[in-house]
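A.B. asks: Provide a 3D model corresponding to the input given below.
(2 chains)
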Amino acid sequence: MTRLLRSYPVALLALPAILYLALIYGVPLAGLLARSVMVGGTFSLAGFTAFFSDTFSWTVIGNTLRTAAGVTLLCLLLGYPTALALARATGAAQALILVAIILPLSVGVVVKAFAWQIVLRRDGVISQALIFLGIWDGPQRLLFTETGLIVGAANVFVPFMILPIYSVLKLVDPRLGEAAATLGASPLYRFFRVALPLSLPGIVTGIAFVFSMATSMYVIPSLLIGDRFQTLATLTGRSFLFMRNEQLGSTTAVVLLVISVGVVVASAALSRRFGGAS
Amino acid sequence: MAQQIKGGPGRRDVLKLGLGAAGVLMAPAVLRAQTAELVVGGAASHKPWVESIVAPAFEKKYKCKVLFEGTKSLVNLEKMQKNKGAQYMSVVQMDDPVMILAVKEGLLEPLTVAKVPNLADLVAGAVHMDGMWANYLQPWLGIAYNKTEMKTPPASWADLFEAKYKGRIVIPSPQNTEGLPLIFIAAALAAGVPLEAGQKDAEAGFRKLATLKPNLLTIYTQMPQAYNLLEQGEALMIGPAMSSHASERKAAGAPIDLVAPKEGVFAMPSGIAVVKGGPQADLAYAYVNELLSAPLQAQLAGPTSSLGANKATPKPAGLPADLKVIQIDWANVAAERSKWVSRWDRDMAL
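C.D. replies: Numbering: from 1, shown residues only, chains lettered A, B, ... in the order given. As a prediction, the model looks like this:
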């Protein structure tokens, strides 16, 4: 620690934030961890054994990872082109795109989830468009399905994919692409061999943001898919609030935490690697 | 300083003020001496019928004044806790789960047939914890449906299971009290026995409920979200639906209606109790007795879409006279509930 401070005195600037987090996040977290491994006052891993030997728990873990992966993929597909457009745009166009990305963040998640409930209705916009295009023969259920949840959640999280990618892309010299073009590289070749590798650190950060937020989302699944689809986050909430099962609640919370920490650590390692390569 | 004091109130002014203040303080005491006041705590939704039906009748009969504080059950509980030893409320009208908390805190005075004669005339299961509280009204559970989308109203609980309603049915979660009877309904349908008997075989109920899954739009924990879906026509039916909530939405102009299926309906309880150490104890028991009487319940049944807890109270208009009302075995529910909730999570998952 002291050596760290001697070599990076600027690290002192992070001290207030670290103290704040240690007090209001670290201490309760330690309590939660302790509770997940304490059964009747003694150390025991019974909570975890019971959790992992229950097939329902694996369904819940599967639900959590599958939706988070779906949301992340959709955010990437929608976010990357937007980030590219934002990085290339200038003046009013750039300001407009930026406002369009930032402004929706000021609308609460609950409001957005309710709006999606209207959009996903049987007679909603999506259903009508699909019927008009002949893809669907008649109205089908979208609301309270996994597809509906992924589409709705991606809408909430997409800015967190766009902004990190944009911040990397805007630093990439546009002349690199031009240089490749003069050497006869096709647009597709230029994208996959020049632009994409250079933007990888941004992509990794965006994926880490969106994936960890999507694994832990609570309000969006409760409103868009309901009680029948449990994720680690909703199961944690229910265990504490309704089932009064603190053991189960702290166990699921720890499992969720391990997944999130895993994602963050892996992405940090990856982004260092790509950062070094570029 | 001395200058300022001279300009201040003189001895006479102070005396006048004192006399005036005493007058103001004494006036209500004088009024109270003439007409006693009875403070009743209840839910905000009770206010219309308490103030228009119950209070006028009671005030006339007992020459007193009823002050109704309409908030909600948990607020009333808190008021009783804060004022323990110096209660100002005499009677509380609260939900049964909150009554249990109030009993645990020692805030309620038991009801006895000697003090509340009508207690003897209530339907079975309406008196709880050796008379700590009683149910006066019972909202019932039927099927709520969208009138615009469904031209023929549902007639049986079995309608919820019909294949043509794929993805259009909303049911309550067993976390909500109104959700539990669906297990009994399913069990009764599966075995072809009356609803009453369904309460004894939750296992059969769960097996039957699994066949309802294709029809489910969602399982709600938030009632307003469920009624929103029904009113928009996304859902066709909610079952079981609370009569009190469904009729409130219907009265507000929503295109929905509530039916009592031919197999019968389940009763949901609304409780009333006397506050321990509250003022005007005699009036308090009299108020409870009035609310438990058949004539008053008959007047309340319509506006609250509820059944009276008194055996002699006629069924509200619009309900068949031979309607079967099933009382829930709450002791059994309390013992099994968390097991059912956990089973439900697994069996009813997407």
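A.B. asks: which helix or strand lies directly C-terminal to the lowest-mean-pLDDT helix or strand in chain A?
C.D. replies: The helix or strand of chain A with the poorest confidence is helix A:2-7; it has a mean of 70 (mean pLDDT, DSSP states H and E). Using DSSP states H and E, the helix or strand that follows helix A:2-7 in sequence is helix A:15-21.
A.B. asks: starting at the chain centroid, how far to stretch A:19-29?
C.D. replies: In terms of Cα atoms, centre = their mean, to the nearest Å, the centre of stretch A:19-29 is set 23 Å apart from its chain centre.
A.B. asks: endpoints of that stretch, how far apart?
C.D. replies: Criterion Cα to Cα, to the nearest Å; first-to-last residue distance in stretch A:19-29 is 14 Å.
A.B. asks: residue boundaries of the strands in the chain?
C.D. replies: You didn't say which chain, so I picked chain A. Using DSSP state E, the strands of chain A run over A:38-39, A:42-43.
A.B. asks: sorry, should have said chain B
C.D. replies: Along chain B, counting by DSSP E, strands occupy B:36-43, B:64-71, B:91-94, B:108-109, B:127-128, B:133-146, B:169-172, B:216-220, B:237-242, B:256-259, B:265-267, B:270-275, B:306-308, B:325-326.
A.B. asks: using JSON lines, lay out the ones you listed together with mean pLDDT and mean neighbour count.
C.D. replies: Where C-beta positions appear, they are placed from N, C-alpha and C, glycine not excepted. Compiled in JSON lines, the strands of chain B are given as follows (pLDDT from 0 to 100; neighbours: other Cβ atoms under 10 Å in any protein chain shown):
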{"stretch": "strand B:36-43", "mean pLDDT": "91", "mean neighbour count": "21"}
{"stretch": "strand B:64-71", "mean pLDDT": "91", "mean neighbour count": "17"}
{"stretch": "strand B:91-94", "mean pLDDT": "93", "mean neighbour count": "26"}
{"stretch": "strand B:108-109", "mean pLDDT": "95", "mean neighbour count": "21"}
{"stretch": "strand B:127-128", "mean pLDDT": "90", "mean neighbour count": "20"}
{"stretch": "strand B:133-146", "mean pLDDT": "93", "mean neighbour count": "26"}
{"stretch": "strand B:169-172", "mean pLDDT": "95", "mean neighbour count": "25"}
{"stretch": "strand B:216-220", "mean pLDDT": "92", "mean neighbour count": "24"}
{"stretch": "strand B:237-242", "mean pLDDT": "94", "mean neighbour count": "26"}
{"stretch": "strand B:256-259", "mean pLDDT": "93", "mean neighbour count": "23"}
{"stretch": "strand B:265-267", "mean pLDDT": "91", "mean neighbour count": "24"}
{"stretch": "strand B:270-275", "mean pLDDT": "93", "mean neighbour count": "24"}
{"stretch": "strand B:306-308", "mean pLDDT": "89", "mean neighbour count": "27"}
{"stretch": "strand B:325-326", "mean pLDDT": "88", "mean neighbour count": "20"}
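A.B. asks: what's the closest of the ones you listed to chain A?
C.D. replies: The minimum distance between chain A and those falls on strand B:216-220, with 4.2 Å, by Cβ to the nearest Cβ.
A.B. asks: sheet-wise, list the partners of the closest one with their directions.
C.D. replies: Paired neighbours of strand B:216-220 in the sheet (DSSP bridges): strand B:169-172 (parallel).
A.B. asks: got the CA coordinates for the strand it pairs with in PDB?
C.D. replies: C-alpha atoms of strand B:169-172 as PDB (Å, rounded to 0.1, in the frame of the first residue of the first chain):
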ATOM      1  CA  ILE B 169     -55.300 -15.600 -18.500                       C
ATOM      2  CA  VAL B 170     -53.800 -13.800 -15.600                       C
ATOM      3  CA  ILE B 171     -53.700 -15.400 -12.100                       C
ATOM      4  CA  PRO B 172     -52.400 -14.100  -8.700                       C
END
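A.B. asks: chain center to that strand: distance?
C.D. replies: With Cα atoms, centre = their mean, you get 21 Å for strand B:169-172.
A.B. asks: got the contact list for residue B:248?
C.D. replies: Contact partners of residue B:248, counting by Cβ atoms under 8 Å, 6 or more residues apart in numbering or on different chains, are residue B:45.
A.B. asks: could you measure it against chain A, distance?
C.D. replies: For residue B:248, the distance to chain A (Cβ to the nearest Cβ, to the nearest Å) stands at 21 Å.
A.B. asks: so how far is residue B:254 from that residue?
C.D. replies: Applying Cβ to Cβ, to the nearest Å, the value for residue B:248 to residue B:254 is 9 Å.
A.B. asks: between these two, which contacts overlap?
C.D. replies: Here residue B:248 and residue B:254 have no joint contacts, going by Cβ under 8 Å, 6+ apart.
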